[in-house]
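Pasting the sequence and the predicted coordinates here, then a few questions.
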Amino acid sequence: MIMGVTQEEVTCLAMNMYHEARNQGVAGQLAVTSVVMNRVADERYPDTICGVVHQGTGRKYACQFTYTCDGNAEIISEPKAFERVGKIAKVMAKGAERPLTKGATHYHTKSVNPRWASKFPRTATIGYHHFYKQPKRISSN
């Protein structure tokens with residue numbers, strides 16, 4: 001356990017970083033991981049790393065992170081890359097600062113344009129991804 005975070009949670013974070021950003025530099029990996037951690041801290045999302053990473057899994061392409069629901073096996077084919085992201089995951093899971101994305105809760109690759117992207121303010125572009133912060137809902141009477 002790492003300061004209240006289980007090894008399972010660190011592994012979930014490392015798996016997410018591996019499948020979403022292993023081909024990016026450290027800044028891109030930190031940014032993608034920051035989104036997961038920002039969601040853990042946001043009351044609108046599950047309050048655990050694994051809960052955030054696997055939210056929606058089980059419904060084909062209706063999940064938060066495509067690799068968890070695309071029907072493909074989650075295989076680690078590059079062990080050295082997984083080891084590298086695992087080190088970053090440990091630091092991030094401990095509660096490292098996350099200034100790169102300015103509180104982003106969403107991202108997408110530059111090659112796609114999801115519908116929600118026009119409704120959320122973009123906070124950063126890092127590596128292959130654009131980052132966004134989900135607006136707070138304001139209730140109306």
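Sure, I can see it.

For stretch 124-133, list every residue counted as buried.
Using 16 or more other C-beta atoms under 10 Å as the test for burial, stretch 124-133 gives 124, 126-133. For the C-beta atoms, the positions are set from N, CA and C on the backbone; glycine is no exception.

next one: stretch 18-29
Under 16+ other C-beta under 10 Å, the buried positions of stretch 18-29 are 18-22, 24, 28-29.

and those as CSV, adding secondary structure and distance to Cys69?
Formatted as CSV, these follow (DSSP: H, G, I helix; E, B strand; the rest coil; distance: C-beta to C-beta, whole Å):
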residue, secondary structure, distance to Cys69
Tyr18, helix, 16
His19, helix, 12
Glu20, helix, 13
Ala21, helix, 18
Arg22, coil, 19
Gln24, coil, 22
Gly28, helix, 22
Gln29, helix, 22
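
Looking at those, which one is closest to Gln7?
Tyr18 (15.6 Å; C-beta to C-beta).

isn't the closest one right up against Ile76?
Yes. Contact criterion C-beta atoms under 8 Å: Tyr18 and Ile76 qualify, at 6.6 Å.

Can you pull the residues that touch both of the two?
When contacts are counted by C-beta atoms under 8 Å, 6 or more residues apart in numbering, Tyr18 and Ile76 are jointly contacted by Phe82.

quick one: contacts for the residue nearest in space to the middle of the chain?
Geometric centre of the chain, nearest residue: Val36, 3.7 Å, by C-alpha atoms, centre = their mean. Neighbouring residues of Val36 by C-beta under 8 Å, 6+ apart: 13, 16, 49, 52-53.

Report the two of the buried residues of stretch 124-133 separated the most.
So, these by C-beta to C-beta: farthest apart are Tyr128 and Lys133, at 18.9 Å.

list the contacts for the closest residue to Thr57 other than its chain neighbours?
Among residues not flanking Thr57 along the chain, Thr68 sits closest, at 4.3 Å (C-beta to C-beta, 6 or more residues apart in numbering). By C-beta under 8 Å, 6+ apart, Thr68 lies in contact with 53-54, 56-57, 74.

ok, back up a step: possible to save the buried residues of stretch 124-133 as JSON lines with distance to Gln7 and pLDDT?
Formatted as JSON lines, the buried residues of stretch 124-133 follow (distance: C-beta to C-beta, whole Å; pLDDT from 0 to 100):
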{"residue": "Ala124", "distance to Gln7": "30", "pLDDT": "97"}
{"residue": "Ile126", "distance to Gln7": "28", "pLDDT": "96"}
{"residue": "Gly127", "distance to Gln7": "27", "pLDDT": "91"}
{"residue": "Tyr128", "distance to Gln7": "29", "pLDDT": "92"}
{"residue": "His129", "distance to Gln7": "27", "pLDDT": "95"}
{"residue": "His130", "distance to Gln7": "32", "pLDDT": "97"}
{"residue": "Phe131", "distance to Gln7": "28", "pLDDT": "97"}
{"residue": "Tyr132", "distance to Gln7": "31", "pLDDT": "97"}
{"residue": "Lys133", "distance to Gln7": "30", "pLDDT": "96"}
